[in-house]
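S.K.: take a look and give me a structure for this.
(chains A, B and C)
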Amino acid sequence: MRGAPLRVYTILYLLFLYAPIALLPLFAFNDATIIAFPLSGFTTHWFTDLVANAALRQAVGNSLFIAAMTAIFATLLGLCAARAGAMARFPGKGGIIGFVMLPLVLPEIIVAVSLLIVLRQVLGLNLNNWTVISAHVLICTPFSIAILNGAFQNLDPSIEEAAMDLGESRFSAFRLVTLPLVMPGIISSMLIAFTISLDEFIIAFFLTGANPTMPVYIWGLLRFPAQLPVIMALGTILVALSVTLLIIAELFRRRGLARAGIKDTGGFL
Amino acid sequence: MGLGSFAKSEGGRAATLLAPPFLYALALLALPILAVVLFSFWTQDFMTIDTQFTLANYREFFDKPIYGVLLGRSLMVSGIVTLVTVLLAYPVAYFLSFHVPSHRKSLWLFLITIPFWTSYLIRVFLWKVILGYNGVINSGLVGAGIIDEPLSFILYNVNAVIITLAHAFAPFAILPIFVALEKIDRSLIEASRDLGETRLTTFFRVTLPLSMPGLVAAVLIVFIPTIGDYVTPELMGGAGGKLIANMIQTQFLQLNNAPMGAAIAMVAMVCVTAIALVFVALNRRWLRGRG
Amino acid sequence: MTALIELKGVEKHYGDYHALRGIDLEIRAGEFFSLLGPSGCGKTTLLRTIAGLEEVSSGSIRIDGRDMKGVAANHRPTNMVFQSYAVFPHLTVAENVGFGLRRDPRGKSEKARAVEEALDMVGLAGYGKRRAHALSGGQRQRVALARALILKPKVLLLDEPLSALDRLMREQMQLELIRLQRQVGITFILVTHDQEEALVMSDRIAVMFEGEIGQLADPETLYRRPATKRVAQFIGKMNFLPGALSADRREIDIAGLGRVATADLATSGEIGGAVSVGIRPETLAILFEGETAPRREVQGVVSEVVYYGDMTYYDVRVDGIDRPLTVSMKNLIGRPVLDVGAAARLAWDERALVLLPG
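M.R.: Modelled structure (predicted):
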């Protein structure tokens, strides 16, 4: 297969992928309440409407808090699992790691529903930010593991032993030698987990009470056609934020490779 | 060896490290799913749960046709979405693996996956905007004079759901196929050409079979989550496009019938797992048969 | 020389698998000692137990009189050069070499001077500021050496340090390591599967097979008086001929060559029962026109000729011997090369024969 037709196909495919997102800024600055062509004039009042909305601000605050906590805990768990993954085998290890990665292939509604049952009916807890955080950590940990596995695989396993041989304890060997080399992976993992949590809807929908997250709030807005452009504005900001975070994550990943002098073979794989 | 020396050995330390994530998953995944299983055998009356073991929920599932219809529709939609998505994704993954120089691969991958990382809700909403009666496509086509009346068949039905899901899960399909293609030893392809095969036959005899693990992964990664998708059918499906997840949600949140919702979820999960296992098994047979 | 390291009855098993079986060993202070053997023989495992990176399952290890049981790697008077060199890629060369000095109470400038000296010693003077990941394999190895030696260990352990280098670099580094060991004067323990390397560098070699020591001796003894066929085959090439001892064990009847007094043969100990006789290819010689055998002679036919540049190897078929004998001849000026099928007269010397069990 020659390169040219495939290249054209891929570019068309990318356009298909990006097309809907390109609409966001287009209509966020459009002075009309209906999302349709032809465009009316330019305006920023949808954005100012956004900022003035107190309920939205609170939802954003909830989302940021949840996302930050999720990032930290998912990365911590992912670090444990990825490091264990790089170490010697023991009976059942493969199965355990497979089990921890399971949420990747589970439909989110199953996760949401089962946690709802346990947290509400069985434990009788109130739904709050922490119920959402616990669920988000569950689904983000596999991603963290995938990213950190890559980071650990690029490590020469002997360097920690070398550090110990040179006089360091096991923990300080990890701290002085392994951690700096894995740090870009840790940062990537935190950024990815943060982004996933920020955007996650289904689980949040089931597990928030009076404390909606941003996507849940947006869902509420969808009922009101007049609010559509506001959603466009919000969406524009979200996309811009996510893209920025991802670019930072990617830069860190590349820098991590460069620091350790490893060749880049592509992505978080 | 004794437990003491195991604990100190590297394997033992690995086990200790793995304990936190494992226990966490056990508590938040295994136990809740167990709870779902249990609940499916109980009944709920308004706010109280009757914990007497009963098959009433399952009986209702198989008695009332609506559930079967929804499940069947869900499986069909997911099947079509999976087929479409994977077929469209393969050439992209192939292009990336074979026609892009190494140092550029991560850039392309990055570009492809960015849309995936943005809010799913927003993306679905955007499709609604695009496909709507007064939406982007219609207003554009009408405004350009190509059609007089807006198209009404592109929203609030199954088609809309399929288009939206295919868009949303595209990168899920590309990545595993790409990884599998990358792993193929290039000298195998050269050897095939050297032995007289054309580019096309080499693809079907060498590349495609060797990329099968990636294909299987892509199919599973698209099929399984789309069964449980709730947002797209809710926003885009209209009356005729609702899927099984919507029914589950309805049972839980509107009808206060958690056990019924649990039962539906169980049936759906069993179906999906069965289909997935059959698919993987068939695949292994096919690969082995070709030797 | 005094015994610096004593291993008694050292065993190591992983579940059912016995990596080390009953190793008894004494390594002297200041010697260049090698652990030689094929992959999987346990030599690296043994090295790691001395380093403290693995615990022994039973037996004891004493270094400088001190029992090492329960002593972790970071507290042992040993330092190791790993097979992958394990140079820290995120640090500079100087930071790598000075890594082990972190808890050293000396001042910054003193430590910097020590680093400079160490770099100088391994031939990397001035490389301090370079990033470690930008070095070649040979340079990384030197960094690993400097990093280990700067801590002035009693023992330097080297795990297959030369296997990743190309041939030219390897030969260079062999001499470097010998020079370094003499300069620093400490005990070196080297693990390798390359017998040539071991012979060149070591004062003594322990040849290991399947977790046990096959023979422990200096290079010349190992070469000239191997204890078993296995050791003989591992070190250099050897021809094996079946032999029958006489009842009183004073004479041996060697297939194809005839009777010889047992006392003339090299052995490494009491041998009885079934025996073989080993002959190294370079101790056989093909006699050309006009030459006579100094001791013994036997007739043969050339069946294979392999030209190596400095040597030519001949396979010669002799009556009464199943397999052809391999003979190596230096390619001197004017010396002809025989063709396959040519008649050949072989000179042999009973004092170069080795008596081996089995």
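
S.K.: ok, which stretches of chain A are strands?
M.R.: Here chain A has no strands by DSSP state E.

S.K.: so which residue of it comes closest to chain C?
M.R.: Residue nearest to chain C within chain A: A:Gly261 (2.7 Å; CB to the nearest CB). Where you see a C-beta, it was placed from the backbone N, CA and C, and this is true even at glycine.

S.K.: ok, that residue touching C:Leu135?
M.R.: No: using CB atoms under 8 Å, A:Gly261 is not in contact with C:Leu135; the gap is 9.1 Å.

S.K.: so is C:Ile23 in a helix, a strand, or just coil?
M.R.: What DSSP: H, G, I helix; E, B strand; the rest coil gives for C:Ile23 is strand.

S.K.: give the bridge partners for it, please.
M.R.: Applying DSSP bridges to C:Ile23 gives these bridge partners: C:Val10.

S.K.: can you tell me which residues contact it?
M.R.: By CB atoms under 8 Å, 6 or more residues apart in numbering or on different chains, the contact set of C:Ile23 is C:7, C:9-11, C:46, C:59, C:211-213.

S.K.: ok, it to C:Leu47 distance?
M.R.: According to CB to CB, to the nearest Å, C:Ile23 stands 11 Å off from C:Leu47.

S.K.: number of residues surrounding the nearest residue to B:Asn257 once chain neighbours are set aside?
M.R.: Counting by CB to CB, 6 or more residues apart in numbering or on different chains, B:Gln251 is the residue found nearest to B:Asn257 once chain neighbours are left out, at 4.7 Å. Neighbourhood size, B:Gln251 [other CB atoms under 10 Å in any protein chain shown]: 22.

S.K.: distance of B:Gln251 from A:Asn149?
M.R.: 38 Å.

S.K.: list the residues that contact C:Gln83.
M.R.: Residues in contact with C:Gln83 (CB under 8 Å, 6+ apart) are A:158, C:44, C:159-161, C:163-164.

S.K.: re the thing from before, what pLDDT does the residue nearest to B:Asn257 get?
M.R.: B:Gln251 carries a pLDDT value of 82.

S.K.: circling back: looking at A:Gly261 and C:Leu135, which one has more neighbours?
M.R.: C:Leu135 (21 against 14).

S.K.: ok, and the nearest residue to the more buried one once chain neighbours are set aside, which helix or strand is that part of?
M.R.: Nearest non-adjacent residue to C:Leu135, counting by CB to CB, 6+ apart: C:Val143, 6.8 Å away. According to DSSP states H and E, C:Val143 maps onto helix C:137-149.

S.K.: where in chain A is pLDDT low?
M.R.: Within chain A, the ranges that satisfy pLDDT under 70 run A:1-2, A:262-269.

S.K.: could you tell me which residues of it lie near chain C?
M.R.: Within reach of chain C by CB under 8 Å from any CB of the partner chain, chain A has these residues: A:156, A:158-159, A:161-169, A:176-177, A:180-181, A:259-261.

S.K.: try 10 Å this time
M.R.: Residues of chain A lying close to chain C by CB under 10 Å from any CB of the partner chain are A:88, A:154-170, A:172-173, A:176-178, A:180-181, A:183, A:256, A:258-262.

S.K.: so which of those belong to helices?
M.R.: Judged by DSSP state H, the subset of the residues of chain A next to chain C located in helices is A:158-165, A:170, A:172-173, A:180-181, A:183, A:256, A:258-260.

S.K.: list only buried entries from these.
M.R.: A:158-165, A:173, A:180-181, A:183, A:256, A:259-260 (16 or more other CB atoms under 10 Å in any protein chain shown).

S.K.: restrict those residues to contacts with chain B.
M.R.: The subset of these within reach of chain B, counting by CB under 10 Å from any CB, is empty.

S.K.: of the residues you listed, just say which sits nearest to A:Tyr13.
M.R.: Closest approach to A:Tyr13 among these (CB to CB): A:Gly256, at 29.3 Å.

S.K.: my guess is the residue nearest to C:Leu135 contacts C:Asn96. True?
M.R.: Yes: when contacts are counted by CB atoms under 10 Å, C:Val143 is listed as touching C:Asn96 (5.4 Å).

S.K.: so what sits against both of the two?
M.R.: Among the neighbours of C:Val143, those also in contact with C:Asn96 (CB atoms under 10 Å, 6 or more residues apart in numbering or on different chains) are C:85-88, C:130, C:132, C:135.

S.K.: the residue in the stretch 201-350 of chain C positioned nearest to chain A: neighbouring residues, count only.
M.R.: Chain A sits closest to C:Gly211 of the stretch 201-350 of chain C, with a gap of 19.6 Å, by CB to the nearest CB. Neighbour count for C:Gly211, taken as other CB under 10 Å: 23.

S.K.: need the pLDDT of it.
M.R.: 94.

S.K.: so what's it up against?
M.R.: Here C:Gly211 is in contact with C:10-13, C:17-23, C:37, C:40-43, C:45-46 (CB under 10 Å, 6+ apart).

S.K.: which of those residues fall in helices?
M.R.: C:43, C:45-46.

S.K.: B:Ala245: what's its closest spatial neighbour, skipping adjacent residues?
M.R.: In space, and not counting its chain neighbours, B:Ala245 is closest to B:Tyr230: 4.0 Å by CB to CB, 6+ apart.

S.K.: check which helix or strand C:Val302 maps to.
M.R.: Taking DSSP H and E as the definition, C:Val302 sits inside strand C:296-307.

S.K.: list the helices and strands that strand packs on?
M.R.: Here strand C:296-307 touches strand C:258-261, strand C:285-287, strand C:311-317, strand C:325-330, strand C:343-348, going by 3 or more CB pairs under 10 Å, 6 or more residues apart in numbering or on different chains; DSSP states H and E.

S.K.: low-confidence ranges, the stretch 101-250 of chain B, go.
M.R.: Ranges of the stretch 101-250 of chain B meeting pLDDT under 70: B:152-153.

S.K.: so which residues of it form helices?
M.R.: In the stretch 101-250 of chain B, the helices defined using DSSP state H, counting those that start in this stretch lie at B:102-117, B:120-131, B:136-143, B:158-183, B:186-194, B:199-202, B:208-210, B:212-227, B:231-236, B:244-249.

S.K.: most proximal residue of chain A with respect to chain B?
M.R.: Going by CB to the nearest CB, chain B is nearest to A:Pro107 of chain A, at 2.0 Å.

S.K.: for the closest residue to that residue other than its chain neighbours, give me its contacts.
M.R.: Closest residue to A:Pro107 apart from its sequence neighbours, by CB to CB, 6+ apart: B:Gly228 at 2.0 Å. If you count contacts by CB under 10 Å, 6+ apart, B:Gly228 has them with A:106-113, A:202, B:74, B:78, B:243-245, B:248, B:265, B:268-269, B:272.

S.K.: can you do 6 Å?
M.R.: Applying CB atoms under 6 Å, 6 or more residues apart in numbering or on different chains, we find B:Gly228 in contact with A:107, A:109-110, B:245.

S.K.: same question for A:Gln227.
M.R.: Neighbour list for A:Gln227: A:Leu221 [criterion: CB under 6 Å, 6+ apart].

S.K.: mind listing what the most centrally placed residue in chain B touches?
M.R.: Central residue of chain B (CA atoms, centre = their mean): B:Val222, 2.7 Å from the mean position. By CB under 6 Å, 6+ apart, the contact set of B:Val222 is B:82, B:85, B:169, B:172-173.
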